[in-house]
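Asker: Fold the stuff below for me.
(one chain, ligands or ions: 1)
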Amino acid sequence: MKIDKILTLLLILAVAAFVTEAQTVNSGKKIAIINGKDLTDTQGKIINAHGGGFMKMGKYFYWIGENRHDNVLVSCYRSTDLLNWEFRGDLLTRRPNPELADANIERPKVIYNAKTKQFVMWMHYEKRSNYSLARTAVAVSADIEKPFTYQRSFRPFNNMSRDCTLFLDDDGSAYFFSSARENYDMMMYRLTDDFLDVKEQVATLWPGGHREAPAIVKRKGYYFMITSGCTGWAPNQAKYAVAKSIRGPWSELTNIADNTTYHSQSTYILPIIGKESTSYLYVGDRWDGKHYFNSKYIFLPLTFSNDTTMEMPWKDTCNINAIAGTVK
Ligand code: GAL
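Answerer: Residues are numbered from 1 along each chain as shown. The predicted structure is shown next:
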């Protein structure tokens with residue numbers, strides 16, 4: 001090839017690279033999520049919200065998750081488009097309560113109690129040394145952006161409780177799911193009306209099934225739950241189950257995504273209700289267990305071929321339009 005042809009080819013490649021970059025970052029504003037890359041907030045700092053959960057309040061989406069920096073335990077970000085995230089503050093830190101001084105807090109999830117007008121956070125509570133306590137903990141706040149008041153840690157109905165999530169149903173009842181019996185059983189509890197305690201042990205899902213990292217969503221009258229297997233920080237095959245009633249029966253487990261869930265572990269499924277449609281966003285953690293702060297996030301669209309069948313194809317880039325309600 002002649003030198004001028006090589007130069008032309010190089011120029012074309014450079015322009016192509018620029019265009020790809022411009023699709024995702026446009027004058028500092030993100031217009032898509034690039035999966036598996038560092039995700040920064042509106043100040044350019046890496047987002048620390050692992051094992052997190054999402055919720056919509058007014059015009060904002062909130063993202064609340066683990067932040068292991070210094071004395072912080074749980075941080076809060078907000079966004080109107082699910083792409084550009086503004087850091088709003090730390091919701092739980094080591095200082096205010098002695099029980100938190102040496103705690104390891106994982107998978108915090110927040111729901112709003114319309115009766116008490118409080119935001120309620122449930123999380124996995126351990127001491128920093130190991131995972132043997134296997135307790136849950138609860139904290140509350142009247143303002144989703146302000147520090148939460150820590151309540152207590154405990155084992156629900158005396159069961160071990162590790163990876164967990166909360167689910168607020170349409171009728172206002174709330175459920176807590178968590179891995180029990182050395183992660184062999186996925187327990188389902190109904191919360192008390194104030195959401196501060198467990199009221200009922202509803203079911204033991206897939207006894208002996210060894211599932212964790214639960215994430216739940218309701219779509220067209222069916223409940224879907226994604227869980228992972230139990231291989232610590234190493235990724236494994238995600239599976240999902242479906243139920244017509246949240247109390248069950250839940251279906252058997254079906255594989256979704258590939259055998260490492262595209263090197264991620266489920267943390268949340270967020271419905272995005274827009275003007276054109278409602279879409280369902282999978283959010284997972286791509287953990288780096290050795291270098292925790294090198295962990296990344298994976299955002300992917302969930303697709304449905306009928307009312308009870310769900311797929312999750314891989315995308316290098318996740319294109320979210322929160323106004324239209326589309327994820328591609
Ligand atoms: C995973 C769990 C994470 C964290 C990790 C520690 O299985 O989902 O939240 O606890 O183990 O090894």
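Asker: Compute the number of surrounding residues for the nearest residue to Asn48 once chain neighbours are set aside.
Answerer: Spatial nearest neighbour of Asn48, chain neighbours left out: Asn67 (3.8 Å); criterion: C-beta to C-beta, 6 or more residues apart in numbering. From N, CA and C alone the C-beta is placed, and that goes for glycine too. Applying other C-beta atoms under 10 Å, we find 26 residues neighbouring Asn67.
Asker: all strands for the stretch 101-250 of the chain, in order.
Answerer: In order along the chain, the stretch 101-250 of the chain carries the following strands (DSSP state E, counting those that start in this stretch): 103-113, 118-127, 135-141, 149-154, 164-168, 174-180, 185-191, 198-205, 212-219, 222-228, 238-243.
Asker: what would those look like in JSON lines with mean neighbour count, mean pLDDT and distance to the ligand?
Answerer: Formatted as JSON lines, the strands of the stretch 101-250 of the chain follow (neighbours: other C-beta atoms under 10 Å; pLDDT from 0 to 100; distance: least, C-beta to the nearest ligand atom, whole Å):
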{"stretch": "strand 103-113", "mean neighbour count": "22", "mean pLDDT": "98", "distance to the ligand": "5"}
{"stretch": "strand 118-127", "mean neighbour count": "24", "mean pLDDT": "98", "distance to the ligand": "7"}
{"stretch": "strand 135-141", "mean neighbour count": "22", "mean pLDDT": "98", "distance to the ligand": "13"}
{"stretch": "strand 149-154", "mean neighbour count": "17", "mean pLDDT": "98", "distance to the ligand": "16"}
{"stretch": "strand 164-168", "mean neighbour count": "24", "mean pLDDT": "98", "distance to the ligand": "9"}
{"stretch": "strand 174-180", "mean neighbour count": "24", "mean pLDDT": "98", "distance to the ligand": "8"}
{"stretch": "strand 185-191", "mean neighbour count": "23", "mean pLDDT": "98", "distance to the ligand": "13"}
{"stretch": "strand 198-205", "mean neighbour count": "18", "mean pLDDT": "98", "distance to the ligand": "16"}
{"stretch": "strand 212-219", "mean neighbour count": "22", "mean pLDDT": "98", "distance to the ligand": "5"}
{"stretch": "strand 222-228", "mean neighbour count": "24", "mean pLDDT": "98", "distance to the ligand": "7"}
{"stretch": "strand 238-243", "mean neighbour count": "22", "mean pLDDT": "98", "distance to the ligand": "12"}
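Asker: How many residues are close by the residue of the chain found nearest the ligand?
Answerer: Residue of the chain nearest the ligand, by C-beta to the nearest ligand atom: Gly232 (3.7 Å). Per other C-beta under 10 Å, the neighbour tally for Gly232 reads 11.
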